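> Mind looking at a prediction? Sequence and model below.
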Amino acid sequence: MKSKIRHLIAAMAFVLPVSATMANTGLKLDKAPIDIQDTESLQRGAQVFVNYCLSCHSASAMRYNRLMDIGLSEEQIKNDLMLAGDKIGDQMNVAMDKKDAKAWLGAPPPDLSLIARSRGADYLYTYLRGFYRDPTRPTGWNNLVFDKVGMPHILWEWQGDQVLKVGKNAEGEEEKTLQLVKAGTMTKLENGKANTVEFDRRMADLTNFLVYLGERRLNAIRLVM
């Protein structure tokens, strides 16, 4: 068992975060404002994760009762974050059956326990804010940092609609940017300019929680060595 754990840690050492500039596209990632000591941010991120991500993605490294480590009471967890039928000691596993997921989506959505360690916080933060309308895609959505992404934009009502703009930078190289054309409940269009502060903060909270999941999982693995 310990040998397997050592191999897992060794493998994770080679799963390096994506660099600040995407190698294939030249896209510069936005800096994620991460602070896993900010318990209020982690609580908000956990709420977003349970309400919008957990229907498809598990976080099997986390049990509901461990959310008390970020300052939530057992009553708050049961009332606000747990799905019907779950127990306080259960892992945060998706309710969707893997066979159904494969039939409906082509493949089961990945567990997100270590996604921040494999992709990097900046990648996740940019990805979560990088969806845009694309009528050529089956879902109607694409993503600036993950071209031809299969995942739909589940938070579009919060963010609104963005469109892709392709131009040239000062060096004459192709540059891709996003333009907000329809405001959501957490964004505004003011005199033709986009105000996305509220949505960006919420995505920072979600990214913060995903980073916390990855750090907690890695620390747990180290403890049993």
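It's in.

> mind checking which helix or strand of this structure has the lowest mean pLDDT?
Every helix and strand of the chain was ranked by mean pLDDT, DSSP states H and E. The lowest is helix 2-13, at a mean of 34.

> Poorly predicted segments of the protein, please.
Counting by pLDDT under 70, the chain shows low-confidence ranges at 1-26, 95-98, 100-108, 217-225.

> Could you pull out the helices in it for me?
For the chain, applying DSSP state H gives helices covering 2-13, 39-48, 74-76, 98-105, 115-119, 121-128, 156-159, 197-223.

> unless I'm mixing things up, Pro109 is touching Ile115, no?
No. Assessed by C-beta atoms under 8 Å, Pro109 is found out of contact with Ile115, at 10.8 Å. Quick note: C-beta positions are derived from backbone N, CA and C, even for glycine.

> who has more neighbours, these two?
Ile115 (20 against 17; other C-beta atoms under 10 Å).

> residues contacting the spatially closest residue to that one that is not a sequence neighbour?
For Ile115, ignoring the flanking residues on the chain, the nearest one in space by C-beta to C-beta, 6 or more residues apart in numbering is Leu210 at 5.9 Å. The contact partners of Leu210, by C-beta atoms under 8 Å, 6 or more residues apart in numbering, come to 45, 49, 112, 115-116, 121, 124.

> What is the burial count for Asp80?
By the criterion of other C-beta under 10 Å, Asp80 has 14 neighbours.

> Correct me if wrong: it contacts Gln47.
Yes. The criterion here is C-beta under 8 Å, and Asp80 meets it with Gln47 at 6.8 Å.

> can you list residues touching both of those two?
Contacts common to Asp80 and Gln47, judged by C-beta under 8 Å, 6+ apart, are absent.
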